[in-house]
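Peer 1: I'll drop the sequence and a predicted model, then ask my questions.
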Amino acid sequence: MGENLALRARMAELRLTRLELARQLNDELGRVTGKIGTLSERTVQKWLSGKSRWPQGRIRIALTNVLERTPEQLGFIEPGVAPSPEEPVLRRSFIAITAAALPPLPTLAAPTMVGRSDVARLRTKLDDLVALDYHLGGHTALEAAAVAGAAEALKLKKMNTSQAIGRQLLSLAADFTATAAFSAIDDRRFKRAQELLKDTLTYAGLAQDSTAQLRVYNNLAVIAFQQQQWHDSIAAAQAAHGLGVSRRDPLAASLAHARAAIGYAAASDRQAALRYLGHAHDALNRASEEQRPSWLAFYGRAELFALSAVVHQRLGSAEQAEGAAHQALASIPAQYRRNRASATGWLALAQLHQGEIEQACATALTVRPLMGHDELPTRMRSLLGDFHRDLISVAPDSTATREWTDRVRRPKESQ
């Protein structure tokens, strides 16, 4: 690959030096990933000279956001995609430059074409919301932002798009709406969540996106569990397992099996719960490292340990539940604050039901600090409420119980 004229032209158009472009890209990477990028002037020079043909995924998204052009429009070439003899790199770069620079002819202007850059921009926005959900948990502002994202995707779908771009926009609408639904679930507004999930299922069906459908059934299983509708929870998990993505991807199958295990455990079917939990571990062991939608990033060995703790706790196996919760907390990434707080709550319950009253209270008191200064999601407060009720039932006269009750009431009395 020779000199990247398309990138050089775009930088000139925006009056960006190599150093300034690197700085803006590092800032954008920090906004998207939470970690400031390490790109340098030398990196940009490698792109301009053609020595670096295809930046990494997050960097490509940052380039798209900062320069408002797709990687292909900026003259980059994906590995394995060679320019044809009829259209060498310089010609393709020239086309990209002129297409971006020249205004449309007044008499022949066509409707604006929605393309991959629009999809990339919306996907970055979606990824940001998913990351925020992992960090803060569900709240109405996040739900509203996700609903707005879905509306934007559907608005673009009505414009001039190719069939492939149209499907991607429908998939994005499904993912945005599911993100809004899960935010409502975390806030225990289950009726609102179910309404949103109906829309999600419609968009996912139109897009023929079984991964988005998996998300719907996963969320429905969570709702049913929270509402103590055990058989509905099992049915949702089985529907998730029957999807094409679960047949193709062992990780998706593992998640479906884990949800079924929780449903069976809550329904007191010990044999089925342990069988499906075993299936979940077996499937996850077969899963490969591959790129998946950002909402699925939470699921892996750490999350399966956390869900295993729920299964064992529901089956009355407190010691096994404690072991699974410890394994989860040893490996859940720090940025998943909500998931770490949830696993800590289940750990406290497991310790409580082994008679470790003081240790259980000490563990439960660490749940709120894990969320920093942010308010606990309603679903988390409900879990701590379960701990509080069980604590009073198991050890009503314990000194640790009195101290826990005083600590819980103190913030309310000071308000």
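Peer 2: Okay, I see it. Numbers count the residues shown, from 1 in each chain.
Peer 1: hang on, Phe387 packs against Ile357?
Peer 2: No. When contacts are counted by C-beta atoms under 8 Å, Phe387 is not listed as touching Ile357 (11.5 Å). Every residue, glycine included, has its C-beta placed from N, CA and C.
Peer 1: between those two, which one's more packed in?
Peer 2: More neighbours surround Phe387 than the other of Phe387 and Ile357, with 23 against 18 (other C-beta atoms under 10 Å).
Peer 1: residue contacts, that one?
Peer 2: Applying C-beta atoms under 8 Å, 6 or more residues apart in numbering to Phe387 gives the contacts 345, 348-349, 352, 360, 364.
Peer 1: cool, and Ala334?
Peer 2: So Ala334 contacts Arg340 (C-beta under 8 Å, 6+ apart).
Peer 1: Could you number the chain from 33 rather than 1 from now on?
Peer 2: All right, first residue 33 from here; so that's Ala366.
Peer 1: Could you chop this protein up by domain?
Peer 2: Domain segmentation of the chain under automatic domain parsing yields 37-133, 143-240, 342-350+369-447.
Peer 1: tell me the most buried of these?
Peer 2: domain 143-240 (a mean of 20; mean count of other C-beta atoms under 10 Å).
Peer 1: How far off centre is that one?
Peer 2: 12 Å (C-alpha atoms, centre = their mean, to the nearest Å).
Peer 1: now swap in stretch 381-391 and tell me
Peer 2: For stretch 381-391 - counting by C-alpha atoms, centre = their mean - the centre lies 32 Å from the chain centre.
Peer 1: Give me the contacts around it.
Peer 2: 341, 344-345, 348, 350-351, 353-354, 357, 392, 395, 418-419, 422-423, 426-427, 430, 432-433.
Peer 1: Go through the residues you listed and flag which are in strands.
Peer 2: Taking DSSP state E, every one of the contacts of stretch 381-391 sits outside strands.
Peer 1: Which of the domains of the chain comes out lowest on mean pLDDT?
Peer 2: Mean pLDDT across the domains of the chain is lowest at domain 37-133; the value there is a mean of 72.
Peer 1: packing partners for the strand or helix carrying Asp207?
Peer 2: Element membership for Asp207 (DSSP states H and E) is helix 195-218. Contacts defined by 3 or more C-beta pairs under 8 Å, 6 or more residues apart in numbering; DSSP states H and E place helix 195-218 against helix 148-168, helix 172-189, helix 222-239, helix 242-258, helix 410-426.
Peer 1: Tell me what angle the fourth one forms with helix 195-218.
Peer 2: In this case it means helix 242-258. 10 degrees (axes from the mean of the first three to the mean of the last three C-alpha atoms, to 10 degrees).
Peer 1: what's helix 242-258 packed up against?
Peer 2: So helix 242-258, by 3+ C-beta pairs under 8 Å, 6+ apart, packs with helix 195-218, helix 222-239, helix 262-273, helix 276-280, helix 282-298.
Peer 1: again, 10 Å this time
Peer 2: Helix 242-258 sits against helix 195-218, helix 222-239, helix 262-273, helix 276-280, helix 282-298, helix 410-426, with contacts defined as 3 or more C-beta pairs under 10 Å, 6 or more residues apart in numbering; DSSP states H and E.
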